[in-house]
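Enquirer: for reference, the sequence and a predicted model appear below.
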Amino acid sequence: MKLWSLPLIALGGYGLFAPPAQPPRKDVLVIYGNVAGYLSPCGCTYPMSGGIQRFGSFVRELKGNGHNSITLVMPGGNVVGTGEQNEFKAECVAETAGAFNAAALGYSLEDAELGLGPALEMSQLSKDILLCSSVAQHGQYHLNAQSSTEAFLISSVSSRASSLARELGGIAVQPRLAINPFPSGMNGKSLIVSFDGDQTQAEEFARTYPEVGVLIYRSTSDPPVAPEQIGNTFLVTPGFHGKNVVTLTFEDGKFDGYNATLLGPDFKNDPDISAIYSDYLHRVDAAHLLQKLPKLKTAAYAGSQSCRGCHEKAYETWSQSGHAHAYRDLSAQGHGQDPDCVSCHVVGLSSKFGFNSVAHTPQFASVGCENCHGPGVSHNLHPKTVRMPRVNPSTCVSCHTIENSPGFDYSTFWPKVAH
Amino acid sequence: MMIVPIALLVLAQTATAPDLPPGVNSGVVGAFYVVETKLQAKDFAAAENKADLLPKRNIKIGWDTSAVPQSFRNDYTLACKKAICDWNMAEKVHIAIADNPDITFSFVNALPKEGDAAFPAGATFKWDDGPDRFAVQIALHRLETEDDTTPADVHNEVAYAIGQYLGLTEMPRFSTFSTRTDQNTETIIGINDYEKTLVANTLDSADQLRALVASKSTVDVHNPELLLSTADITGVTGTQYMPLQISFTIQNLGDADLKLFVLPDCSCLRPMAPPLVKPHSTATIYADVNTADYPGHLNHSLMIYTNAPNFPLAQVHVQMDIAPLYRFVHSGPDGMQVGPNGLDMDVYLFESKQVNIEPLTARILGPKGSVTFQSWSGVLPFDEEAKGASESGYKFHIHFPPSQESGRIPATLFIGTANESFRELNYTFNLQKGIVALPSQLYLGRLNGDKTKGYFMVSRPGKKFHILKIVPMDPHLTARVRDLGNEDQYRVDVAFSGSYGLPTYTSQIKVLTDDPSYPSIMVPISGSGR
């Protein structure tokens, strides 16, 4: 003991240095996930929403607001499909969870289809908070079944436990055990379950297991304005494609203060998560994924330049439109090698006779005439006998979807390219 | 007889109150209502007095920056002037900073949270029947971190406030002059066509009403009154790709035309509504559901903007369950092993009862493989969604010959159908040939100079092999092998020493096996520096 501390101890004995009364503990539960591969707000038109970078700034903001008791739970549904790019995406989400010291990263059947190796890698990158409570694992590999904070016990339960076990090579665990294998160890904590199931399944689950405090389900809808409550269980969802963050407060054993926040353009990109995301894009570039895509034998594409001879006016309109430099714009944003994006920015990506790379097929490196009208070599050779099909508004929405092009309105957009 | 001329005089002085477009906010609707009722009561002095509450074309802004630190004052004032300029360019209005203002702006250090809001208020907006028609207080600091309010924030709050004064209703999703946020932003918002039209129509109506006040005309006040048949639509079910429509009725209980437009909060709903509903009439609002892109449980809203003083903005919540049209199920985990005799596997296609998708052709894209198919019914024990029930659909038996490339191979089952609407269906899965490492490359994440670790699996399900040696190709790496029990799957634990100075790290680990067909596998290792 240092000598200078003695007078303080003596004074403390008289209550002069007694610690001030602690304010009641207030925890904030932050729920974000079900990104389903949408790591960044995808889109051609303002305002796009979502993305892990904006989520990063939301969490940082919350921490900056003095909320130190933040428990971050990221339910599964990180990817849709398998393959290298989905591995990269899953790892990027896991690294994001790790960067914010999340309490739990859920694990869905879609995530499990990547395989056990990627699961272990996700676990490592997330700092061992990838939870898989519905499968009893054998051997020497191990994914955690539950995580614990001062206020919460968190598990990740699947409505498709047998399929999950089949993917991982383990044994499906009954939901009661998956929720909490040690009920005696609750110590006043609340149970949070990241549930790989939809709202209807979640409602049934909540009725069957009323001990759950918050049940986080998966949904393709935005989070509701107010949370559903069954008994004492709150049913919440972060929605789809990582567009929203849901928060709840937990004080005196009760949940309150539900908020669903849309990650709109007013959220800046968090620099740390931007670095992680940038690494992801570099990995996509380095893996040459575009060149590995399966190619179909289709009719041959000619390139927009071939249309110019007969359709000069239409060509002029096109060349001054955003379509003409769609690939250049995409590349400038770092997505020029990203298969998720490129198919809507070039001609014929899925065709053996379409875009391959800027170096080899520069004539297809934009949104050209044939994106809407179809392959044009036959028409080019026999213009009078082979007619190009007419297009209608539904052609546009194959790329201008609500995710890619929020606010797309044919009557407003068509005049920009009318010909 | 003097009766007829007197009657004509009375008719000439009784006018109809001007129409307001749907979507005008309750503050402006209330101002119109007050003036019109005064005119109806022939209280022309009060009407003239209250006419000052109507939105004007010449708007005077009170701009009080006395609480703003000197270092921000100029930027904030420039931001305010830009917002004023944006409005002056967009509309037939003349807005200027002047005395006797219609809208006042002042600043305070910070504002408290309002209700259950996620963040402290960035600004407050108050209507007043007095000389300060619309008073705005802007916080100098935002959020609980007390970040400085940016000039962009000031621009956006001023633009929003002027829009409110001119009749815009606040809309969700921060992006244009009808929207705002309590958070910090660097984004300057703009006006859209809808907002321009609404403000132009509102100002026209205000001009008409002021003219009636000036001519001391008596008006017949007629108002629409909205009654919704429901505010919640639940229990709607449908099938993916199949047409689905929801509907509800609205009644106009008032004695003026009810004008309306309906906006969804999601592209999964496409509403169709009549532009107006006659007094004492009923109309049906329909909304087509985009079932193709949104299977599952949907929970969304339709926002109904009206000119009814009792409901300028009404909301109908819609809950729907859209069942998938078809689904694929296959036996075994993803990445089934191609053995010495190749691989035989089955994929099942189950369709909804709402549709008949008869396969005509089937082929494999990617690796070499052949497909046969037949209709099938029975119980699939591994299909959890069926919950043990009997199902019927099609079974595709796929044979992959042994001559495949080594590694993990994506394969797509491509099905041509007789259904005009669904000519092609495809289903992608993975095969595995030989001994494979997963993930295909080990990523160590962001490297910050500390030691870190990673794992990859080396496996060949169902056929034993041994790892003879692990050879890291770089001194920063060490690795060891753990057998997971069946001698067909191993975990390789990789440790990275951390002392690496370059911005990115790339290396490889060589795995040597006892199988002469796959004597070595190279696994790329990478990481990113700070």
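Expert: Good, I have the coordinates.

Enquirer: what does the stretch 151-300 of chain B put close to chain A?
Expert: Residues of the stretch 151-300 of chain B lying close to chain A (C-beta under 8 Å from any C-beta of the partner chain) are B:172-175, B:181, B:183-187, B:193, B:265-268, B:293-300. (C-beta placed from N, C-alpha, C; glycine too.)

Enquirer: what residues does the stretch 251-400 of chain A have near chain B?
Expert: For the stretch 251-400 of chain A, the residues in contact with chain B (C-beta under 8 Å from any C-beta) are A:257-259, A:261-262, A:264-268, A:275-276, A:279, A:282-283, A:287, A:294, A:296.

Enquirer: filter the residues of the stretch 151-300 of chain B next to chain A down to the ones in helices?
Expert: Of those, the ones assigned to helices by DSSP state H are residue B:193.

Enquirer: give me the buried entries from the residues of the stretch 151-300 of chain B next to chain A.
Expert: Among these, those classed as buried by 16 or more other C-beta atoms under 10 Å in any protein chain shown are B:173-175, B:181, B:183-185, B:187, B:265-268, B:294-300.

Enquirer: give me the subset of the residues of the stretch 151-300 of chain B next to chain A lying in strands.
Expert: B:296-300 (DSSP state E).

Enquirer: next one: phi and psi at residue B:463?
Expert: Here is the backbone geometry of residue B:463 (degrees, to the nearest 10): phi -140, psi 120.

Enquirer: pull the number of nearby residues for it.
Expert: Other residues near residue B:463 come to 14 when the count uses other C-beta atoms under 10 Å in any protein chain shown.

Enquirer: that one and residue B:338: what is the separation?
Expert: Distance, residue B:463 to residue B:338, using C-beta to C-beta, to the nearest Å: 11 Å.

Enquirer: how about residue A:268, nearest residue that isn't a chain neighbour?
Expert: Spatial nearest neighbour of residue A:268, chain neighbours left out: residue A:57 (5.1 Å); criterion: C-beta to C-beta, 6 or more residues apart in numbering or on different chains.

Enquirer: phi, psi for that neighbour please.
Expert: Dihedral angles for residue A:57 - degrees, to the nearest 10 - are phi -70, psi -30.

Enquirer: I'd guessed it sits against residue A:267; true?
Expert: Yes: the criterion here is C-beta atoms under 8 Å, and residue A:57 meets it with residue A:267 at 5.1 Å.

Enquirer: higher neighbour count, those two?
Expert: Taking other C-beta under 10 Å, residue A:57 and residue A:267 do not tie; residue A:267 has more neighbours (26 against 23).

Enquirer: now do the more buried one, the pLDDT please.
Expert: Predicted confidence (pLDDT) for residue A:267: 82.

Enquirer: residue contacts, residue B:295?
Expert: Taking C-beta atoms under 8 Å, 6 or more residues apart in numbering or on different chains, we find residue B:295 in contact with A:220, B:240, B:322-325.

Enquirer: again, but for residue A:318
Expert: Neighbour list for residue A:318: A:304, A:324, A:368-369, A:417, A:419 [criterion: C-beta under 8 Å, 6+ apart].

Enquirer: kindly report the same for residue A:211.
Expert: Counting by C-beta under 8 Å, 6+ apart, residue A:211 has contacts A:179-180, A:183, A:191.

Enquirer: how about residue B:356?
Expert: residue B:419.

Enquirer: can you give me the neighbour number for residue 86?
Expert: Picked chain A for this. Neighbour count for residue A:86, taken as other C-beta under 10 Å: 19.

Enquirer: ah, no, chain B please
Expert: 20.

Enquirer: same thing with residue B:469?
Expert: Neighbours of residue B:469 using other C-beta under 10 Å come to 11.

Enquirer: how about residue B:39?
Expert: Neighbourhood size, residue B:39 [other C-beta under 10 Å]: 27.

Enquirer: wait, it touches residue B:218, no?
Expert: Yes: with contact defined as C-beta under 8 Å, residue B:39 reaches residue B:218; the gap is 6.1 Å.

Enquirer: OK, contacts around the nearest residue to residue A:221 once chain neighbours are set aside?
Expert: Leaving out its chain neighbours, the residue that sits closest to residue A:221 by C-beta to C-beta, 6+ apart is residue B:299, at 4.3 Å. Applying C-beta under 8 Å, 6+ apart, one finds that residue B:299 lies in contact with A:199, A:219, A:221-222, A:224, B:317-319.

Enquirer: how close does the residue nearest to residue A:268 get to residue A:100?
Expert: 11 Å.

Enquirer: with residue A:145 instead?
Expert: 22 Å.

Enquirer: how about residue B:292?
Expert: With the distance defined as C-beta to C-beta, residue B:292 ends up 36 Å from residue A:100.
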